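Visitor: what's the 3D shape of this:
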Amino acid sequence: MLYWLMKHVLIGPVVKTLFKPWVEGVEHVPESGGAIFASNHLSFSDSIFLPLVVDRRMTFPAKNEYFTGTGVKGWLTKNFFKGLGQIPIDRSGGSASMAALNSGLRVLNRGELFGIYPEGTRSPDGKLYKGKTGVARLALEARVPVIPVAMINTEKAQPTGQVIPNIERGQVGVRFGRPLDFSRYEGMEDDRTVLRSITDEIMYELMQLSGQEYVDDYAASVKERIAARAKAAVEGARVAVDKAVDQTRVTAEQVRLQVEERAATARTQIEGQFETARTQLEQVGEQLRSRQGRAEDADAGEDTDEDTNAVDSADEAEEARAPEDTGAEGTPAAASGDDEASLGIPEDGEQQHR
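Guide: Numbers count the residues shown, from 1 in each chain. From the prediction side, this is the model:
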């Protein structure tokens, strides 16, 4: 019920409206009975677009991690993939892989459609990689045809790791190939050579349908090597960063020591210059004080000479006035006489007058 609700109500109409995927070879899809849809794997959205263009219910294996989450997110994820008709698969290999094949076998025995990605994982670079033989074993044990399916441009619509898809109408396509019948190998499902031959035939048809470059190597192995190189590159980058940090630290320490040394030298020079300037200022102050003292002594000497000169001048003036005063008492008479004589007045005349 949930499968049809999501396909025809919740997800299907929205995806068809936004992307409008095109379909080729839909006539190769059987109207009834079990069949295996072997598809290339470019994007997570392959498991959405492929069931969407097939009218019948289709079941896909999905990695077990989608069904083992905890909490609300784990519950939503598990029900979402169940709603898409997917069943958990343990990809650790061995008996776990056989359990997944047995789950697919039960789906086929019910006469339903089962989708599988022979590459085992998404292509890391858009190329088509070597298929695993589980699809061949399943086809022989279930005795059903294999329909090759090429997914076109789904990696452009939703690149690996990108949550929000790139919406472009008519970009995504689904191309169905003619059914492959392997009934001639019936009963040989334990022959590894036969399984390899069937798987290679399926991958060849996928290469023809998709136009992808084929690489005779497992995608999982390529991913491991890519991851190892990426890890080595990250480790190398980390080592380089650590080395650069160490060098920077050493350089910074050297610069710090140089700065401290130069600062100490500059401080010493400045202190020496300051001390020299202070000494010079003190000397200038001493000189100024000495000159000021001599100037004060000179001013004091000039004041003393002026007082002495003033006293001497006063004494001279006094001496100059002293004879006049003496003449007033004795000599003036003679001086008067002299004056009178000089005026031509005889003494006898005075006496006669008297």
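Visitor: quick one, domains of the chain?
Guide: 2-214, 218-299 (automatic domain parsing).
Visitor: Put together CSV for those, with mean pLDDT on each row.
Guide: Below are those laid out as CSV (pLDDT from 0 to 100):
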stretch, mean pLDDT
domain 2-214, 91
domain 218-299, 87
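Visitor: Single out the most deeply packed of the ones you listed.
Guide: Highest mean neighbour count among these (mean count of other C-beta atoms under 10 Å): domain 2-214, with a mean of 17. (Each C-beta comes from the backbone N, C-alpha and C, glycine too.)
Visitor: how close does the most centrally placed residue in the chain sit to K156?
Guide: By C-alpha atoms, centre = their mean, the mean C-alpha position of the chain lies nearest to V241, the distance being 14.6 Å. Using C-beta to C-beta, to the nearest Å, one gets 34 Å for the distance from V241 to K156.
Visitor: What ranges does the chain have for its strands?
Guide: 22-24, 35-39, 58-63, 86-89, 113-116, 128-129, 146-152, 173-176, 214-215 (DSSP state E).
Visitor: In space, what's closest to G33 - neighbours in sequence excluded?
Guide: G111 (5.5 Å; C-beta to C-beta, 6 or more residues apart in numbering).
Visitor: Got the phi and psi for that neighbour?
Guide: Dihedral pair for G111: phi 80, psi 20, per degrees, to the nearest 10.
Visitor: ok, it touching P30?
Guide: No. Counting by C-beta atoms under 8 Å, G111 stays clear of P30, with 10.0 Å between them.
Visitor: mind listing the helices for the stretch 1-150 of the chain?
Guide: Using DSSP state H, counting those that start in this stretch, the helices found in the stretch 1-150 of the chain span residues 2-5, 12-19, 46-52, 71-83, 95-109, 134-142.
Visitor: Relative to S183, which of these is closest?
Guide: Of all these, helix 134-142 sits nearest to S183, with 8.7 Å by C-beta to C-beta.
Visitor: got a pLDDT number for T304?
Guide: In this model, T304 is scored at 57, pLDDT.
Visitor: G173 pairs with what?
Guide: Taking DSSP bridges as the rule, G173 bridges to W22, I152.
Visitor: Make sure it is actually in contact with V23.
Guide: Yes. Counting by C-beta under 8 Å, V23 is a contact partner of G173 at 7.1 Å.
Visitor: biggest helix in this structure by residues?
Guide: Criterion DSSP state H: the longest helix present in the chain is helix 219-329.
Visitor: related to what we said a few turns ago, and E168, which of the helices of the stretch 1-150 of the chain is closest to it?
Guide: Checking the helices of the stretch 1-150 of the chain against E168 by C-beta to C-beta gives helix 12-19 as the closest, at 7.4 Å.
Visitor: What lies in contact with the closest one?
Guide: By C-beta atoms under 8 Å, 6 or more residues apart in numbering, the surrounding residues in contact with helix 12-19 are M6, P21, I48, F49, L52, A157, I167, E168, R169, G170, Q171, V172.
Visitor: Excluding chain neighbours, what is closest to the fifth one?
Guide: Leaving aside its sequence neighbours, L52 sits nearest to G12 (C-beta to C-beta, 6+ apart; 5.5 Å).
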